[in-house]
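S.K.: dropping the sequence and predicted coords here.
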Amino acid sequence: MSLFQDTLNSFLKIKSITDGFVQQAVTASPFLDIMKKGKAFVTKMGGDYVKVGLEYALNTSFAAWDGEGAITLPTKGQYLSEFVTEGRYKWGYHVAQDLITYKQYMEQEKAEDSIESFAKSRLSNMADAIGRSMETNLFTAYNGSTYTAFGIPDIVRATNPANYATYGLGDIDIGDMPLWKSDIDIYTSAQTLARQMFHMINSLAYNYGTPDLIVTTQDVFEIFADEAYQKAGYLVRDEIPLKLGFQTGGSFNAIPVVYSDKCTSGYMYFLNTKYLKLVVHPEANFKSTGWQQVATNNLDLLALTTLTYNLVCSNRAAQGALTGIS
């Protein structure tokens, strides 16, 4: 057992293997990969918080002036202070576990090369499992216990996060800063889904830039496909989502339209990753205990890996959603 356990743990300490493990976990889901590459204006990460500079298309950045005397500026706290405000996000934590039973490791030959193959396979499985779990977190709202990182449902809404309402997303209360909310439209069957998607894209693009990813559920995606495709269209592989790593999907105005079984039912999210980013802690992320014996009377081996990260946003108003789609 000593050789088995030592060999397993040695792989966790090899930098190239560890880096590959982290990379595999993040790229296991195209959604995670895109969010990790997001360009939100992160000003500080470390310690207890991630901080991001807020970015707005201010509609009163000019003030009338007759060319003489003092210039009348917007009231302090109304626009100028919003422009320089930073959002503050606490780190979220998630613990992944991997259990190797006594029977499993006893079945391995007592040869180092066999154990190494087993270790590599085990690390690969762990990375994939962590990636799937992180995708679930990405589409699940913060609740302070099971989910301690913000998800897309917390960001793309017209109110403060349901389970963090006292402080607001990024410790910013919408009541204090009305621009700090997303653009939400309610679906109506009186119009086609495509027409309402077009309206949402136009509204966001005019003020903050065109969304670069549309995410929904499989049911809603197929409603979109029924409207957008003729029979021949179903037979064509759309290269736009495929180039991003998605196995299936479509496009609308050259924007990838993809789905996740983790996405909020009845929702279609219009995301602008210029203002989003999945930020991992620079020093305290993917920390593993290594495989250790569970207890003196339990010979199974358990490894815990702690993830420290959060999904941050520097402009909620650049994000949108259609809700109630059926």
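M.R.: Cool, got the structure.
S.K.: in this structure, what secondary structure element scores lowest on mean pLDDT?
M.R.: helix 80-83 (a mean of 48; mean pLDDT, DSSP states H and E).
S.K.: C-terminal to the biggest helix by length in the chain, what's the next element?
M.R.: As assigned by DSSP state H, the longest helix anywhere in the chain is helix 112-138. Downstream of helix 112-138, the first helix or strand assigned by DSSP states H and E is helix 152-155.
S.K.: name the surrounding residues that touch the helix or strand following that next one.
M.R.: Under the assignment DSSP H and E, the closest C-terminal helix or strand after helix 152-155 is strand 183-186. Residues outside strand 183-186 that contact it (Cβ atoms under 8 Å, 6 or more residues apart in numbering) are 156-158, 196, 199-200, 203-204, 317, 319-324. Glycine gets a C-beta too; all of them are placed from N, C-alpha and C.
S.K.: next, the buried residues of strand 183-186.
M.R.: For strand 183-186, the neighbour count (16 or more other Cβ atoms under 10 Å) marks 183-185 as buried.
S.K.: could you do stretch 188-203 as well?
M.R.: Within stretch 188-203, the residues scored as buried using 16+ other Cβ under 10 Å are 193, 196-197, 200-201.
S.K.: output that stretch as CSV, nothing but the C-alphas.
M.R.: These are the backbone C-alpha positions of stretch 188-203, laid out as CSV (Å, rounded to 0.1, in the frame of the first residue of the first chain):
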residue,chain,number,x,y,z
THR,A,188,-44.5,36.5,-25.3
SER,A,189,-46.1,33.9,-27.7
ALA,A,190,-47.5,36.8,-29.7
GLN,A,191,-44.1,37.3,-31.3
THR,A,192,-41.7,34.7,-32.7
LEU,A,193,-38.7,33.8,-30.5
ALA,A,194,-36.4,35.0,-33.2
ARG,A,195,-38.0,38.5,-33.2
GLN,A,196,-37.5,38.8,-29.5
MET,A,197,-34.0,37.6,-29.7
PHE,A,198,-33.3,40.2,-32.3
HIS,A,199,-34.7,42.9,-30.1
MET,A,200,-32.6,41.9,-27.1
ILE,A,201,-29.4,41.8,-29.2
ASN,A,202,-30.1,45.2,-30.7
SER,A,203,-30.8,46.7,-27.2
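S.K.: the longest helix of the chain packs against which elements?
M.R.: Helices and strands touching helix 112-138, by 3 or more Cβ pairs under 8 Å, 6 or more residues apart in numbering; DSSP states H and E, are helix 2-13, helix 15-27, helix 30-36, strand 92-100, strand 298-313.
S.K.: if you count neighbours, what's buried in that helix?
M.R.: Those would be 115, 118-119, 122-123, 126-127, 129-131, 133-135, 137-138, for helix 112-138 by 16+ other Cβ under 10 Å.
S.K.: any idea of the mean pLDDT for it?
M.R.: Per-residue pLDDT over helix 112-138 has a mean of 85.
S.K.: so who does Ser133 touch?
M.R.: By Cβ under 8 Å, 6+ apart, the residues touching Ser133 are 94, 96.
S.K.: do the same with Leu244
M.R.: Neighbour list for Leu244: 30, 34, 256, 258 [criterion: Cβ under 8 Å, 6+ apart].
S.K.: any idea how far it lies from Thr85?
M.R.: 32 Å (Cβ to Cβ, to the nearest Å).
S.K.: any regions of the stretch 101-250 of the chain where pLDDT drops low?
M.R.: 109-113, 232-233, 235 (pLDDT under 70).
S.K.: could you dump stretch 238-248 to PDB, C-alpha only?
M.R.: What follows is stretch 238-248, C-alpha atoms only, in PDB (Å, rounded to 0.1, in the frame of the first residue of the first chain):
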ATOM      1  CA  ASP A 238     -22.900  25.100 -37.800                       C
ATOM      2  CA  GLU A 239     -19.200  25.900 -37.500                       C
ATOM      3  CA  ILE A 240     -19.600  28.900 -35.200                       C
ATOM      4  CA  PRO A 241     -20.300  26.900 -32.000                       C
ATOM      5  CA  LEU A 242     -18.200  24.000 -33.100                       C
ATOM      6  CA  LYS A 243     -15.100  26.200 -33.300                       C
ATOM      7  CA  LEU A 244     -15.600  27.200 -29.600                       C
ATOM      8  CA  GLY A 245     -15.500  23.500 -28.600                       C
ATOM      9  CA  PHE A 246     -19.300  22.800 -28.300                       C
ATOM     10  CA  GLN A 247     -20.500  19.500 -29.700                       C
ATOM     11  CA  THR A 248     -23.700  20.900 -31.000                       C
END
